[in-house]
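J.: based on what follows, work out the 3D shape:
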Amino acid sequence: MSANSIHDPHFIHAGEIILQASGKLLALVRYPYQAGNRDFFMFETKAQFFAFLEARKPKEAVSLFKSFQLVLKGLVDENFILKKAAILKKIDTIDWLVLGDSQEVTSECNFVTDRIELQQELFSRLGEEVIILEEPDWISEESTITAYSPDEDGIVRPGAY
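T.: Predicted coordinates:
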C-alpha cells in the first residue's frame, strides 16, 4: 500500500473539515532522518493551511489532529501567569505544548513537562500571544490523519522519522 501525499484532495479536504468544525487546525511535522525532530503548527484559515502545505519539503510527514485539548490561550503577562498557576494547582502531571499564537505559517513550539519549565517558557514569552495545549497523541491513527510530502518527481517515499 502506498503512502498518501499531502497534495491528495482527500487529505486536504480532511484538514478543511477539521478547520471548519473547530475553527483551528493543529498539525505536526516529523522531519526525515533527524532523530525524531518534530514541530507543531496551528492554523485558523485555509490560506494558512495551504501555505503550510506548499512549504513542506520532500519526505516530511504531516499529521492533522482531529481534536486537541486547549489548556490556556492569551497574551503572556502577569494575569496570564496567575491563571496558569491556578490551573496548575489542579493538575498532577504536565505534558504540554506551548505554541506562539501568530498569523504566520511557522510558529515556534516548545514542550514542557514540569512547572519550572513552564514558568521559564512563559517568562521568556512575556508580551507574546501563546497557546498552551496538552501534547496530543501523535502516534494514534485514530486521532490523526497522516500524509507525506512527495519527492521532486511527485512520488511519495516516506523517510525514517
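
J.: just the mean pLDDT for the longest helix along the chain, thanks.
T.: Longest helix in the chain, counting residues (DSSP state H): helix 9-22. Averaged over helix 9-22, pLDDT sits at 96.

J.: find the nearest non-adjacent residue to the residue at minimal distance from the centre of the chain, please.
T.: The centroid of the chain falls nearest to residue 40 when counting by C-alpha atoms, centre = their mean (2.6 Å). In space, and not counting its chain neighbours, residue 40 is closest to residue 109: 4.6 Å by C-beta to C-beta, 6 or more residues apart in numbering. Yep, even glycine has a C-beta here, placed from its N, CA and C like the rest.

J.: read off the pLDDT value for the one you found.
T.: On pLDDT, residue 109 comes in at 80.

J.: show residues contacting the longest helix of the chain.
T.: Outside helix 9-22, the residues that touch it by C-beta atoms under 8 Å, 6 or more residues apart in numbering are 4-6, 25, 27, 43-46, 49-50, 53, 64-67, 145, 147.

J.: in ChimeraX, how would I select the buried members of those?
T.: Applying 16 or more other C-beta atoms under 10 Å to the contacts of helix 9-22, the buried members can be selected in ChimeraX as follows:
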select :4,5,6,25,27,43,49,53,64,65,66,145,147
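
J.: out of the contacts of helix 9-22, which are inside strands?
T.: Here DSSP state E is the test, and these give 25, 27, 43, 64-65, 145, 147 as lying in strands.

J.: lowest-confidence one in those residues?
T.: Taking pLDDT as the measure, those have their low point at residue 43 (90).

J.: how many other residues sit next to residue 33?
T.: Using other C-beta atoms under 10 Å, residue 33 has 9 neighbouring residues.

J.: hmm, I was thinking of residue 152
T.: Neighbour count of residue 152, defined by other C-beta under 10 Å: 6.

J.: confidence score at the closest residue to it other than its chain neighbours?
T.: Excluding the flanking residues, the one nearest residue 152 by C-beta to C-beta, 6+ apart is residue 58, at 6.4 Å. Residue 58 is assigned a predicted lDDT (pLDDT) of 96.

J.: ok so residue 58 is a helix residue?
T.: No: counting by DSSP: H, G, I helix; E, B strand; the rest coil, residue 58 falls outside a helix, being coil.

J.: contacting residues around residue 143?
T.: By C-beta under 8 Å, 6+ apart, the contact set of residue 143 is 65-67, 136-137.
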